[in-house]
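# Give me the fold of what follows.
(one chain, ligands or ions: 1)
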Amino acid sequence: MNRRQLLTAGAGLMATGAMAKSRNMGLPEAAVMDNASTQSPLRPNSGPDYNPVVTLNGWTLPYRMNGNVKEFHLVAEPVERELADGMTAYLWGYNGQSTGPTIEAVEGDRVRIFVTNKLPEHTTVHWHGLILPSGMDGVGGLSHPGIPPGKTFVYEFDLVKSGTFMYHPHADEMVQMAMGMMGMFIVHPKDPAFMPVDRDFCIMLNAFDIDPGTYIPRVMTMSDFNLWTWNSRVFPDIDPLVVGLGDRVRVRVGNLTMTNHPIHMHGYDFEVTCTDGGWVPKEARWPEVSIDIPVGAMRAYEFDAFHPGDWAIHCHKSHHTMNAMGHDVPNFIGADKRRLTGMIRKHQPEYMPMGSNGMAEMGMMEMELPENTVPMMTGWGPHGPIEMGGMFSVVKVREGIEANDYSDPGWYDNPPGTQAYEWTGELPEFTSNTKAETILTPRPDRARKT
Ligand SMILES: [Cu+2]
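Down below sits the predicted model:
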């Protein structure tokens, strides 16, 4: 044996040693979700502890340990996804849902992800933002051949850093992402004392173009999408972000649409603590109330939940808080449509004149819709129609919510003297100022907030 052969043999032996830690256990079971409601966080049953994330209207992919390796099984397949009550879309996704399940692990873990392709064409999975070997990067034709229909490929790599990441195909890219193939990939810090939070939410921004009355997205659309979704779900059926008073809260947002989304949250200021590239040092953060999520990017922001109430959280592009609508409708504000209405009704007796006073009436009326469609402006709150759709939800901050409780606490009851009221000529007596005091309580200087 020459020196080179010796080294090669040694490397072979070392590789055998590493392999011995994990055995061939066959494919891990591929968990499937048949439900579009938010599933409870998945607590780790081995390895370093972490506070698991909650994916709104989503779930977390279970794993199994094989030696020192965390093994996951993703199945790329056609799915039926309920975008809202009364609207189901025929999409492509993973393990029964679009968006796919959140993958969650810890910095320093080695992961082995089996990807089975049940689509009618090849696919790949790109691990967006993760640092890994070039051949594991999932760009079809560049990193490795596409995974043919019916086959299973294995991705295996070390998670060398913590943060907020995503996964999606890099194969027939435009089609597969327009059909809903994407998910979040969360890597927790190895040190559980590093920036812990009490609640950690995940939102994937995605979008579809589905004509009213149909089930399948158009895949050639460039920018004129008509359904703006969070985790493939639209308001009024995006679950609320339920938070206990005083909790430290993180919201992680990833964007795989074709445009940016300024995410605005009411009631608080907050700081971006993590970007695509990693954690933001404390000295480099600044307070904000809206953060722009660029295309292909991830941001996580944090706040201390000291202001009780029901606080809107939404994309600030107003067309993104609407559901499917025609985009070529003229502005009829101020137009007197009485004469026109009579003429049209001779031909179309059900014709309803709309828009002369704005479009708020859209939120009130129970107009007959084509099947499998959600209204453009919808949702009812405790004080009337909310007139929203798309990328909108509510952060519900309440006293006395148990650590693991994410169930909807209902609407907030504004204490007397803390709600806007109709002027009737005299000022009412303000009976309570306690909530104002709560609001003015300075945020405690938390040592852990590093
Ligand atoms: Cu938006």
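# Quick check: the gap between the nearest residue to residue 357 once chain neighbours are set aside and residue 360.
The shortest distance from residue 357 to any residue other than its chain neighbours is 7.0 Å, reached at residue 333 (CB to CB, 6 or more residues apart in numbering). Glycine gets a C-beta too; all of them are placed from N, C-alpha and C. Applying CB to CB, to the nearest Å, the value for residue 333 to residue 360 is 11 Å.
# circling back to that earlier point, just to be sure, the residue nearest to residue 357 is in a helix?
No. Counting by DSSP: H, G, I helix; E, B strand; the rest coil, residue 333 is not part of a helix but coil.
# so what's it up against?
In this structure, residue 333 makes contact with 355-358, judged by CB atoms under 8 Å, 6 or more residues apart in numbering.
# mind running it again at 10 Å?
355-359 (CB atoms under 10 Å, 6 or more residues apart in numbering).
# Could you do residue 99 as well?
With contact set as CB under 10 Å, 6+ apart, residue 99 has these partners: 55, 57-59, 81, 91, 93, 166-168, 180-184, 202-204, 206, 229-233, 254, 256.
# now residue 175
If you count contacts by CB under 10 Å, 6+ apart, residue 175 has them with 92, 121, 169, 181, 217, 219-220.
# before we move on, back to that, can you pull the pLDDT of the residue nearest to residue 357?
As predicted, residue 333 sits at a pLDDT of 83.
# what are the phi and psi angles of residue 320?
For residue 320, the backbone dihedrals are phi -90, psi 0 (criterion: degrees, to the nearest 10).
# Skipping adjacent residues, who's closest to it in space?
residue 228 (4.1 Å).
# Tell me which strands the host helix or strand of that neighbour pairs with, and in which orientation.
Secondary-structure assignment from DSSP states H and E places residue 228 in strand 227-230. Each strand pairing with strand 227-230, determined using DSSP bridges, is listed with its direction: strand 199-208 (antiparallel).
# close to the ion, is the partner strand?
No. Applying CB under 5 Å from the ion, one finds strand 199-208 out of contact with the ion, separated by at least 7.0 Å.
# C-alpha coordinates for that strand, PDB please?
Listed in PDB are the C-alpha atoms of strand 199-208, where the atom choice follows Å, rounded to 0.1, in the frame of the first residue of the first chain:
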ATOM      1  CA  ARG A 199     -44.100  31.800  21.900                       C
ATOM      2  CA  ASP A 200     -42.600  31.300  18.600                       C
ATOM      3  CA  PHE A 201     -44.900  31.600  15.500                       C
ATOM      4  CA  CYS A 202     -44.100  30.700  11.900                       C
ATOM      5  CA  ILE A 203     -45.800  32.300   8.900                       C
ATOM      6  CA  MET A 204     -45.000  31.500   5.300                       C
ATOM      7  CA  LEU A 205     -46.200  34.200   2.900                       C
ATOM      8  CA  ASN A 206     -47.500  32.600  -0.300                       C
ATOM      9  CA  ALA A 207     -49.900  33.400  -3.100                       C
ATOM     10  CA  PHE A 208     -52.200  31.700  -5.600                       C
END
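# pLDDT averaged over it, what's the number?
The average pLDDT for strand 199-208 rounds to 97.
# Please apply the same query to stretch 401-413.
The predicted confidence, averaged over stretch 401-413, sits at 95.
# buried stuff in that stretch?
Counting neighbours by 16 or more other CB atoms under 10 Å, one finds that the buried residues in stretch 401-413 are 401, 406, 409, 412.
# same check, this time on stretch 184-195
184-190, 195.
# hmm, which two among the residues you listed are most spread apart?
Taking CB to CB, the two most distant members of the buried residues of stretch 184-195 are 184 and 190; they sit 19.4 Å apart.
# residue ranges with poor pLDDT in the stretch 301-450 of the chain?
Along the stretch 301-450 of the chain, the model assigns pLDDT under 70 to residues 362-367, 430-450.
# The ion next: which of the buried residues of stretch 184-195 are close?
Filtering the buried residues of stretch 184-195 for neighbours of the ion using CB under 5 Å from the ion leaves an empty set.
# Looking from the ion, tell me which residue of the stretch 351-450 of the chain is nearest.
residue 391 (5.3 Å; CB to the ion).
# what's near enough to touch that residue?
For residue 391, the contacting residues are 203, 205-207, 227-230, 233-235, 238, 257, 261, 263, 313-317, 320-322, by CB under 10 Å, 6+ apart.
# repeat that with 8 Å
Applying CB under 8 Å, 6+ apart to residue 391 gives the contacts 205, 228-230, 234-235, 261, 314-315, 320-321.
# Alright, I will stop here.
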